[in-house]
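Undergrad: this is the structure alone, sequence omitted:
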């Protein structure tokens, strides 16, 4: 295997890894602050992809501009979902396990609503468009501008997110809530506000990921779930609630997946990812998932 | 005593009606009732594990698909009835095989674990089909007539409902409910929770296997995307929640309501139907987590107590 | 042969030594108190004894039999019952049904609900919850929930009962009533009791023997009198001498 091929695999891995990191950080934010598993996360990616697609195809809006619009739109969806659906559920839940299981079902319902609204509005046909497809050669490896753009944006947003968490007061509050919900409320942190922020940020990042993906991958109403699964793998391996872990884990998983697929076959990708998914839940590290009293 | 006799009488009448239906009604109506009973069977069997122990499973589709594939593979090689029974046995065996590690996972993690299982099985079969035959999808020829399939489903549904009822009122059922209330306390009370969950899982899995087998013959065509679809699991969950997770009658109520809605919508507006399902799911979880049947039963009980006074 | 014995029981959680080389013995017919500051390892010891998790080293014998590797439901079958510090009633079941679960799955292993409920009624009378029999457990006050917890454990027909802070959160009157109940458990039912407690008046008033855990180690053992006067115990836990 020559160097060009190796480098190509690495670049591809990093590019897709950037997307994974973007998605995983968002999922981890919601999990870390609210202990909710957002199984509908992938659907936001799908929404972002479609919005970008239609804006480009119908009105010629450049995806660069759409990025901002999509983030805004997704964040608003997150706000509404959190405020109208989950804040009331958190308020009225008697036990944590009931809350977590029921919330999961609510997310599942949302996922169904999203995919079917998309199918209804835009049919289940596969769509795609071309944008920034000029190729640049880096170290002998041909890369399209759109993918480099995706990597750049993903990296930038993830790092920005990380620095926001580390350096700002809001970020500190979020980290405090992730560590200990009760204690942080005792010191005056407004949990509900943090929940809303987390939802908005997470949904926004997912929407952005969808916008980036739409530039070079195909778009269908059902494209979301595989990304949710991968994001979930990332956050478990990187550490639930550990944002930096999701960031690094996303890139790492992107690399591993690309390497794995290149030595086997693309058709095996779903099987591999679901096998890993099942295994990590079964062999979960102790203390991360444990719901026993002790 | 009078109450029980009336109940048995009512059930007998319903069964009689269902048995005689094919002789009186058109194929369309028989079809509708076949579908309805299929969902009742799936939901009744689902609540045996998920309703009674609280381990919400999205894996019913996996057993359904497994049963369908077993039938597709063995069709014309073995008698039809044997195929259905084997499908049930295979599903149970599969459930028993994965049961112990799977059921150690609790709460929402169990839910997504079973989702992962269904998706994994789907892609496994897709890849196997491509490797073995090149095409993804199988056609079954010369399948039994509608009436045969109808009576088969009737039998499976009756067994499923009776099983759900007897489990609920048995010592085993009390153990399952204790697990749902507090698994650690249940263990401390002497309940072998691992064993009980495992048994419930296996019993519950046999029915979607058999239903899947029968349905494969009904549609004459199966492929992994449809038989392993999470839509099957999701509909079952909504039906169970609407009716009431612990209520045997609830499963029937939920199935009837959803079948009515789907009859109205599915043919022309399938996406709208799914959207409504999603909305119903969210609505029920938020506002009526106990389902429809239990509050009604409680109100009737209260009123009766009031009369006695 | 002691009813319950622990030999060099140790338990580590990662780097944390929750229990270190704890030896203890409980004789038939005793009421033994287990005291210590929060985090001293008392509930950990209970969990090890009742099989929630195994010790990192050491072993436990019950009636001469090694029960270290047994699961909680098996240990219940052997005759060792327990309550939980944070009570765990079956909230959506009636009080009677809660207790009958113990009858169905405990040492008696009754087959039929009617028999279980009949026997459960007797237990309810014993703990004083008879009038609450048909009330859902979630409607009980904390004091009554604690009694339900005890009733349920008694329903499993234990020879030894582990009580984990059953007096926490009770008013003085409720505490006195509970103390009477604990004594009755030994007197009328012949059940040996090992109780974790913080309420010193109760431990001293009810126990025949006490042992003290401190940072996972047993630092003292003896009669209430001896413990109250033990300088190590006073320094580590009591703070000052208690007048008996």
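TA: Thanks, I have it. A quick note: this is a predicted structure, and the numbers were derived from the prediction, not measured.
Undergrad: in which helix or strand does residue 154 reside?
TA: Because you didn't say which chain, this covers chain A. Secondary-structure element containing residue A:154, defined by DSSP states H and E: helix A:145-167.
Undergrad: wrong one, chain C
TA: In this structure, residue C:154 sits in helix C:142-155 according to DSSP H and E.
Undergrad: cool, and residue B:98?
TA: With secondary structure defined by DSSP H and E, residue B:98 is part of helix B:80-102.
Undergrad: what packs against that helix?
TA: Helix B:80-102 is packed against helix B:60-74, helix B:107-133, helix B:146-168, helix B:193-219, with contacts defined by 3 or more C-beta pairs under 8 Å, 6 or more residues apart in numbering or on different chains; DSSP states H and E. (Each C-beta comes from the backbone N, C-alpha and C, glycine too.)
Undergrad: out of those helices, which gets nearest to residue C:9?
TA: Closest approach to residue C:9 among these is made by helix B:193-219 (24.8 Å; C-beta to C-beta).
Undergrad: give me the contacts around whichever helix or strand comes after the closest one.
TA: Downstream of helix B:193-219, the next assigned helix or strand under DSSP H and E is strand B:221-222. Strand B:221-222 is contacted from outside by B:68, B:69, B:72, B:137, B:138, B:139, B:140, B:216, using C-beta atoms under 8 Å, 6 or more residues apart in numbering or on different chains.
Undergrad: swap the cut-off to 7 Å and go again
TA: By C-beta atoms under 7 Å, 6 or more residues apart in numbering or on different chains, the list of residues contacting strand B:221-222 from outside reads B:68, B:69, B:72, B:137, B:138, B:139, B:216.
Undergrad: pull up the pairing partners for it, direction included.
TA: Taking DSSP bridges as the criterion, strand B:221-222 pairs within the sheet with strand B:138-139 (antiparallel).
Undergrad: list the buried residues of the helix holding residue B:98.
TA: B:80, B:83-88, B:90-92, B:94-95, B:98-99, B:102 (16 or more other C-beta atoms under 10 Å in any protein chain shown).
Undergrad: with stretch C:42-59 instead?
TA: By neighbour count, and taking 16+ other C-beta under 10 Å as the criterion, the buried residues in stretch C:42-59 are C:42-52, C:54-55, C:58-59.
Undergrad: what's it in contact with?
TA: When contacts are taken as C-beta under 7 Å, 6+ apart, the neighbours of stretch C:42-59 outside the stretch itself are A:294, B:188, C:6-12, C:18-19, C:22, C:34, C:36, C:60, C:66, C:68-72, C:74-75, C:80, C:82, C:85, C:162, C:164, C:196, C:213.
Undergrad: where in chain C is pLDDT low?
TA: For chain C, the stretches flagged by pLDDT under 70 are C:240-244.
Undergrad: got the residue ranges for the strands in it?
TA: For chain C, the strands identified by DSSP state E occupy C:4-13, C:16-26, C:31-35, C:57-62, C:65-66, C:80-82, C:160-164, C:192-196, C:209-214, C:217-222, in order along the chain.
Undergrad: make JSON lines out of those strands and add distance to residue A:211.
TA: Formatted as JSON lines, the entries for those read as follows, by distance: least, C-beta to C-beta, whole Å:
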{"stretch": "strand C:4-13", "distance to residue A:211": "45"}
{"stretch": "strand C:16-26", "distance to residue A:211": "47"}
{"stretch": "strand C:31-35", "distance to residue A:211": "61"}
{"stretch": "strand C:57-62", "distance to residue A:211": "57"}
{"stretch": "strand C:65-66", "distance to residue A:211": "63"}
{"stretch": "strand C:80-82", "distance to residue A:211": "56"}
{"stretch": "strand C:160-164", "distance to residue A:211": "55"}
{"stretch": "strand C:192-196", "distance to residue A:211": "58"}
{"stretch": "strand C:209-214", "distance to residue A:211": "59"}
{"stretch": "strand C:217-222", "distance to residue A:211": "60"}
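Undergrad: contact partners for residue A:151?
TA: A:14, A:15, A:18.
Undergrad: then residue B:140?
TA: Applying C-beta under 7 Å, 6+ apart to residue B:140 gives the contacts B:72, B:75, B:216, B:217, B:220.
Undergrad: can we see that at 8 Å?
TA: When the contact criterion is C-beta under 8 Å, 6+ apart, the partners of residue B:140 are B:71, B:72, B:75, B:216, B:217, B:220, B:221, B:222.
Undergrad: from those, which one has the minimum pLDDT?
TA: Checking pLDDT across the contacts of residue B:140, the minimum falls on residue B:220 at 87.
Undergrad: which residues touch that one?
TA: Residue B:220 touches B:139, B:140, B:141, B:143, counting by C-beta under 8 Å, 6+ apart.
Undergrad: sorry, back to before: buried set for the helix holding residue C:154?
TA: C:143-155.
Undergrad: which residues touch the helix holding residue B:98?
TA: Contacts of helix B:80-102 with the rest of the structure, by C-beta under 8 Å, 6+ apart, involve A:282, B:63, B:66-68, B:70-71, B:74-75, B:78, B:110, B:113-114, B:117, B:144, B:148, B:152, B:156, B:194, B:197-198, B:201-210, B:212-214, B:217.
Undergrad: where does chain A dip in pLDDT?
TA: Low-confidence regions of chain A, defined here as pLDDT under 70, cover residues A:1, A:93-97, A:285-294.
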